[in-house]
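S.K.: Sequence and predicted structure are below.
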Amino acid sequence: MPKFSANLGFLWPDRPLLDRIDAAARAGFRAIELHWPYDVSAEAVRERCGRHGLLLLGINTPLGRVDAGEFGLGAVPGREADFERGFLQALEWAEAAGAGAIHVMAGVVAPERKEAGRATLIGNLRKAAALAPETTLLLEGINQRDKPGYFYSTIAEKADVIGQTGAPNVRIMFDVYHAGVSEGDIFRKLAAYLPLIGHVQIAAVPSRAEPDEGEIDYAHVLAELDRLGYRGWVGCEYKPRAGTDEGLAWTRTLNVTL
Ligand SMILES: O=C(O)C(=O)[C@H](O)CO
Ligand SMILES: [Mg+2]
C-alpha cells in the first residue's frame, strides 16, 4: 500500500494552517503537503511538523497577479524575472520549513502563445533546477474545466518538457484527478511515465471529493501503484464533502492505513 500525505491546501479548510497540521497528525498522516503557505512562518511550520514527526513534502510556487487571472508564471512569456523572484521565494520558504519539493506552477497561457510558453517554461525550469539541485521540482497539468487556458493538461506534455529541460530533479506530479478529467487511461499512463513520476495526488472524478465515489476506482489505482513498484507518496488532495475527519471514512472503505 502506498504512503499517504495530507494536502493541507484542501483538508481541514475550517482552521488555520498550524491547526491543520495538528489535525493531520491526529488523523494518523505521516506527511503533509501545502499549496501557498507564504503568510505563515516557515520556522513555525517546521517546528509544528517536528513536534508531530510529520514530513513536509512540498509547496507551490507563488501564483502571480491572481486578480489579473494569473495562476503561476512558469510558462508565461515576458514574466521570467517575476517567475525567478517567486521561485526564489518558494525555495527560501521550502528550505527553511524543510520541504523537499516545489510544484512549479506553469500558469495560464493564450493558445497563440503556446510555443513561446513552452520555450519560456523550459528556460525557467533549467535555471530553477540549477538553483535548487537538492530540491525536486514537480510539474502538474491542470484540467481545462477547472482552469481554462492552463498551459498543459496532459501527462505527455509534462514528460516532453522534462525531457527538453534535461535536469534530473524535475519530475511529474501525477494528479489522478486532473488526468482523469483531462484524458483518462490512467493505468497505461502510470506505467508509461513511472520513472518520471515524483508525486501522485488523488481525488474523486468528477466531484474532486473523497476518493471513494465517482468514475475512478481508487482501490484499483492504489493496487496498480503497488504493482508497478511506485515508492513515493500519494497526496490526498480532495475537497471534503463535509467534515474532513468524518470524510476519512474512505480509508476504511478502501482498506487504507495512513
Ligand atoms: O490543483 C491542484 O491539483 C494542485 O495540485 C495545485 O497544487 C494547485 O493548483
Ligand atoms: Mg494536484
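M.R.: Noted; the coordinates are in hand. Ligands and ions are numbered 1, 2, ... in the order given.
S.K.: And the residue of the stretch 101-250 of the chain found nearest ligand 2, how far from residue 147?
M.R.: Distance from ligand 2 to each residue of the stretch 101-250 of the chain (C-beta to the ion) is smallest for residue 175, at 3.6 Å. Quick note: C-beta positions are derived from backbone N, CA and C, even for glycine. Using C-beta to C-beta, to the nearest Å, residue 175 is found at 12 Å from residue 147.
S.K.: Same drill for these two, tell me which one is more crowded.
M.R.: residue 175 (24 against 17; other C-beta atoms under 10 Å).
S.K.: partner residues bridging that one?
M.R.: For residue 175, the beta-bridge partners under DSSP bridges are residue 201.
S.K.: right, and it touches residue 234 too?
M.R.: No - checked against C-beta atoms under 8 Å, the pair residue 175 and residue 234 is beyond contact range at 10.6 Å.
S.K.: Next, show the common contact partners of those two.
M.R.: Common neighbours of residue 175 and residue 234, using C-beta atoms under 8 Å, 6 or more residues apart in numbering, are 200-202.
S.K.: Could you restrict those to the ones contacting ligand 1?
M.R.: Among those, the ones lying near ligand 1 by C-beta under 6 Å from any ligand atom are residue 201.
S.K.: ok and the residue in the stretch 1-150 of the chain nearest ligand 1?
M.R.: Closest residue of the stretch 1-150 of the chain to ligand 1, C-beta to the nearest ligand atom: residue 60 (4.8 Å).
S.K.: Which residues are in contact with the nearest residue to that residue once chain neighbours are set aside?
M.R.: Nearest residue to residue 60 in three dimensions, chain neighbours excluded: residue 103, at 4.5 Å (C-beta to C-beta, 6 or more residues apart in numbering). With contact set as C-beta under 8 Å, 6+ apart, residue 103 has these partners: 58-61, 137-140, 173.
S.K.: swap in residue 136?
M.R.: Listed by C-beta under 8 Å, 6+ apart, the contact set of residue 136 reads 58, 100-102, 169-171, 198-199.
S.K.: mind running it again at 6 Å?
M.R.: Going by C-beta atoms under 6 Å, 6 or more residues apart in numbering, residue 136 touches 101, 169, 171, 198.
S.K.: got those as JSON lines, with pLDDT and neighbour count columns?
M.R.: Converted to JSON lines, the contacts of residue 136 look like this (pLDDT from 0 to 100; neighbours: other C-beta atoms under 10 Å):
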{"residue": "101", "pLDDT": "98", "neighbour count": "23"}
{"residue": "169", "pLDDT": "98", "neighbour count": "19"}
{"residue": "171", "pLDDT": "98", "neighbour count": "21"}
{"residue": "198", "pLDDT": "98", "neighbour count": "22"}
